[in-house]
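S.K.: I'd like to go over a predicted model; first the sequence, then the structure.
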Amino acid sequence: MSEYKAYSVHMGKAKCAVDLGDGSERGEYVNQDYILHKLGRPHRSISLMYCYYPLDKEFPGRISEVMKDAEVSFQWDYPYDDYFTYKGGLEGNTEGEPFNQMRDVRRHGQDVTLTLTVDPNVSDEQLIAIAKDLKTFGRMFLRVNHEATGDWFSFTKRTGDAGYQGVADFYCRFNKIIKEYAPNVQTVLCIGGIEDPNAAEIIMEKEFSQAVKETDIWSVDKYMALHWGWPFDVALKDSENKSFKRDTVENTYKLTKMSYNRFKEINGGVSKPMVMSEFNADGDVTGAYDQAEMVKDFCDMLKDDPEQWFSGFTFYQFRDRGRLGLEIEDPNYADCGIEQPVMQTYKEIIHDDYFKPAMTRGEELSFPVKLRWGGAEDAEGIEIPLHFEKNPHFCEVTFDDDSNIMMEINGKWFYKSPKAKTIDLMSAFFEKPLEGECDLTLRLFAPPASGENDLSAEDGLMNSYSVIEKLPAIRVEFEPVEK
């Protein structure tokens, strides 16, 4: 295809990364193809929620299914946390979950955030086995025993006399093992932070100070509104025993920033990335319209803050059985989602330049070329300038190889699996039709087709490589085939 020039392009960090929760105790995993079609772009990372309690006789069964006849009045009243169960580790293998979902996430050009609640009484050997499970999944994030200063998760009740100091010590123990056996993984410490505007210290600062210093990333979970009693009661305006709350956008932002500043002080004035690993306003409390408005207002505050102290947030979640999702799960058919107003608001946010990855053009290429995939914040791809006379009637690319490709044009992303040959790009012009003659850029990146890195490569722990022999055939037409 000599008529087109091609250049190298580097995909780097956004000013603020956007991640997405996909599946939890409140909803099932939704495949990445569906999410990509709905939202029009990949995320920096997808958060998957799992638990690991191998010392319990019920494990590896999901506890709400094993004990489906138990009388519980709160989501976390079971012996262990009602997440999907981690099927790897010393007792299992990587053929099931979460590994198939992790592969799905990575082949679609996204990093993985594995949220994992773990019994603090497991052995070092069991933790080492988990670390080894994660070595092939590139630059992923591991959020261990999140919301650790709360009292609802089972792991907070299993440290005996050591109490929350035991919870914090376990985090440091696991963090040290991850650093030794899976240096590709960054650890995320998720604790309460500062929860009162007048407080000088984070919640349980004495217990968790060492963890703040040793972790890679700081995090708090902040719901501007939340109905924690779901699904066992209904949030009603005149409830006597309230199982829900609502805060202001401004106070939520202020407390999050105060938490970051205190983490930094604990760490001797040295900054680390600060994220919000669960972020939303619960529609059970706010209704659908205020939910969308509060999410937008928070993101506007991020954009308007000149300090740019915040690294990213995870929207919780894509599809939810309650009202914490971009979609609500259809009660008649679990595989179907009902889009909420916050979906369109969220799409507008993630397509804002502030939340999009940086793209930097390099030198002109000659083929074949070797592309590098480090992760969603560090990848080297191909950039092809295209001229459009007007809005097209046909726009497609055809490959004659089994490459695994993520591509973007006119702000919309597409996925080509190894088995796919022709990808129709016209949906990039349905929501954003061209108003006249213009120049656009087609970008291609090659995340690993298997979803895993090849550790036999010299730097396979952090990077995967794909050779592209030539450009795909590009068809652009500006009239119907026949008028």
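M.R.: The structure has been received and is ready for your questions.
S.K.: mind checking how far the residue nearest to Asn175 when sequence neighbours are not counted is from Met11?
M.R.: Distances taken as Cβ to Cβ, 6 or more residues apart in numbering put Thr187 closest to Asn175, at 5.0 Å, once the chain neighbours are dropped. Glycine gets a C-beta too; all of them are placed from N, C-alpha and C. With distances taken as Cβ to Cβ, to the nearest Å, Thr187 is found 24 Å from Met11.
S.K.: neighbour-wise, which of those two wins?
M.R.: Met11 (24 against 21; other Cβ atoms under 10 Å).
S.K.: wait, a strand at that one?
M.R.: Yes - counting by DSSP: H, G, I helix; E, B strand; the rest coil, one finds Met11 located in a strand.
S.K.: state the helix or strand in which Pro197 lies.
M.R.: Using DSSP states H and E, Pro197 sits in no helix or strand.
S.K.: coming back round to it: may I have the phi/psi pair for the residue nearest to Asn175?
M.R.: The phi and psi values for Thr187, taken as degrees, to the nearest 10, are phi -90, psi 140.
S.K.: what bridges to it?
M.R.: Leu142 (DSSP bridges).
S.K.: check contacts around it.
M.R.: Phe141, Leu142, Arg143, Val144, Phe174, Asn175, Ile178, Thr215, Asp216, Ile217 (Cβ atoms under 8 Å, 6 or more residues apart in numbering).
S.K.: for the helix of greatest length in the chain, buried residues please.
M.R.: Using DSSP state H, we find that the single longest helix of the chain is helix 283-304. For helix 283-304, a neighbour-count test (16 or more other Cβ atoms under 10 Å) marks 283-286, 290-292, 294-299, 301-302 as buried.
S.K.: centre of the chain to stretch 171-181, how far?
M.R.: 22 Å (Cα atoms, centre = their mean, to the nearest Å).
S.K.: repeat for stretch 470-479
M.R.: Worked out by Cα atoms, centre = their mean, stretch 470-479 lies 33 Å from the chain centre.
S.K.: what does that stretch contact?
M.R.: 1, 4, 6, 367-368, 382, 384, 386, 388-400, 442.
S.K.: what do you get for stretch 298-309?
M.R.: With Cβ under 8 Å, 6+ apart, stretch 298-309 has contacts from 15-16, 224, 249-250, 252-253, 257, 260-261, 271, 274, 279, 310, 349, 352, 354-355.
S.K.: could you list which of these belong to helices?
M.R.: Val249, Glu250, Thr252, Tyr253, Lys257, Tyr260, Asn261, Ile349.
S.K.: could you work out the most separated pair of those residues?
M.R.: Asn261 and Ile349 (24.7 Å; Cβ to Cβ).
S.K.: the more surrounded of these two?
M.R.: The neighbour comparison of Asn261 against Ile349 (other Cβ under 10 Å) goes to Ile349, with 22 against 15.
S.K.: which pLDDT value belongs to that one?
M.R.: Looking at Ile349, its pLDDT stands at 98.
S.K.: contact partners for the closest residue in space to Asp402 that isn't next to it in sequence?
M.R.: Nearest residue to Asp402, sequence neighbours excluded (Cβ to Cβ, 6+ apart): Pro418, at 4.1 Å. Counting by Cβ under 8 Å, 6+ apart, Pro418 makes contact with Asp402, Ser403, Asn404, Ala449.
S.K.: switch those over to JSON lines; also include distance to Leu324 and secondary structure.
M.R.: As requested, those are arranged in JSON lines below (distance: Cβ to Cβ, whole Å; DSSP: H, G, I helix; E, B strand; the rest coil):
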{"residue": "Asp402", "distance to Leu324": "39", "secondary structure": "coil"}
{"residue": "Ser403", "distance to Leu324": "37", "secondary structure": "coil"}
{"residue": "Asn404", "distance to Leu324": "32", "secondary structure": "coil"}
{"residue": "Ala449", "distance to Leu324": "33", "secondary structure": "coil"}
